[in-house]
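**Q** need the 3D shape of this:
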Amino acid sequence: MTVEEPGSTASRHTNALLVANECNGHIHLIIGGNAVAGARCTRSLEAGARPIVVANPANGLHHGVQRRVDSGEIEWIQRDFQDEDLAVLGREEVGGYVDAVFVTLTASVEQCMFSPPAYSSTSSSSFWILRSLKYANIECDSF
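**A** Model prediction:
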């Protein structure tokens with residue numbers, strides 16, 4: 001994709017990655033309970049995955065997410081994200097690891113520390129591990 005600067009003849013190129021995954025029966029961990037989390041839940045359900053939302057109730061829960069929790073479509077763990085969530089909320093077949101992580105919190109890069117992709121020897125999936133997102137009262141939006 002080419003992006004042209006207004007008033008400039010120069011252009012810069014940006015790259016995009018489009019990924020298609022078979023998600024039927026997978027566990028998707030969604031960190032945060034805002035409107036973006038609601039959209040992630042919808043897409044995960046459409047793909048056949050089981051979304052688990054981890055969000056502190058003090059930060060509120062988007063009405064769309066709340067509706068899906070009330071109907072039993074998704075699970076809501078009512079607390080802040082913990083590092084252990086990555087390795088204990090997932091499927092037995094992959095050693096308890098979640099299959100995908102979606103972060104829907106607003107925070108600067110300086111507030112978060114990411115590790116390189118982790119690989120589970122029992123799973124073909126790799127994902128970015130989020131090390132520290134233990135900041136209270138972060139306004140949720142999009143990461």
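**Q** please, where are all the helices along this protein?
**A** 35-46, 63-70, 85-88 (DSSP state H).
**Q** in the protein, which spans are strands?
**A** According to DSSP state E, the chain carries its strands in the segments 2-4, 11-13, 27-31, 50-54, 75-77, 100-103, 118-119, 126-127.
**Q** within the sheet, what are the partner strands of the third one, with directions?
**A** Each strand pairing with strand 27-31, determined using DSSP bridges, is listed with its direction: strand 50-54 (parallel), strand 100-103 (parallel).
**Q** okay, the angle between that strand and helix 63-70?
**A** Strand 27-31 and helix 63-70 are oriented at 140 degrees to each other (axes from the mean of the first three to the mean of the last three Cα atoms, to 10 degrees).
**Q** circling back: using CSV, lay out the strands paired with strand 27-31 together with distance to Glu93, mean pLDDT and mean neighbour count.
**A** (Each C-beta comes from the backbone N, C-alpha and C, glycine too.) Below are the strands paired with strand 27-31 laid out as CSV (distance: least, Cβ to Cβ, whole Å; pLDDT from 0 to 100; neighbours: other Cβ atoms under 10 Å):
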stretch, distance to Glu93, mean pLDDT, mean neighbour count
strand 50-54, 13, 97, 23
strand 100-103, 15, 92, 20
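**Q** I'd like these as CSV, with distance to Thr14 appended.
**A** Formatted as CSV, the strands paired with strand 27-31 follow (distance: least, Cβ to Cβ, whole Å):
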stretch, distance to Thr14
strand 50-54, 29
strand 100-103, 21
